[in-house]
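1. have a look at this prediction, sequence included:
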Amino acid sequence: QEQFVESGGGLAQPGGSLRLSCAASGFALDYYGIGWFRQAPGKEREGVSCINMRDGSTYYADSVKGRFTISADNTRDNRRYTVYLRMDSLKPEDTAVYYCAVGRVCQEYDFWGQGTQVTVSS
């Protein structure tokens, strides 16, 4: 049974920082892509960042490059991943619900959590 525990969302001022955490478990052994996508009201879903746990490669959307950093615990135990998203230099346009997601490869997600709200406002 796939499970997600997401935390770290909240309110930040423009230019501020937040750190999202996600503990994901219960996946088949060939699921290597874990990351985050976001969705703001009235906007399409956007893949934000992802890390491939097999080779360590990472993906960032152009809109967050240089500001967001994804990292993960470097062990995979009992099909459990822990991944983090450090968000710096936040902008109001980063406001969205952020979802932790897992797939066989990055950006092709089959499962995701309930999401955590991130609001950037002064």
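-> All right, it came through fine.
2. helix/strand/coil for the residue most central in space within the chain?
-> Nearest to the mean C-alpha position of the chain, by CA atoms, centre = their mean, lies W36 at 2.5 Å. Using DSSP: H, G, I helix; E, B strand; the rest coil, the three-state assignment for W36 comes out as strand.
3. can you give me the helices in this protein?
-> Shown for the chain, no helices are assigned by DSSP state H.
4. what residue ranges in it score low on pLDDT?
-> Applying pLDDT under 70 to the predicted model, the residue ranges of the chain that meet it are 74-78.
5. residues near R104, how many?
-> R104: 14 surrounding residues under other CB atoms under 10 Å. For glycine as for every other residue, the C-beta is placed from the backbone atoms N, C-alpha and C.
6. how about the residue nearest to the centre of the chain, nearest residue that isn't a chain neighbour?
-> Once its chain neighbours are removed from consideration, W36 has its nearest residue in V48; the separation is 4.6 Å (CB to CB, 6 or more residues apart in numbering).
7. okay, and the beta partners of the residue nearest to the centre of the chain?
-> Following DSSP bridges, W36 is listed with bridge partners S49, C100.
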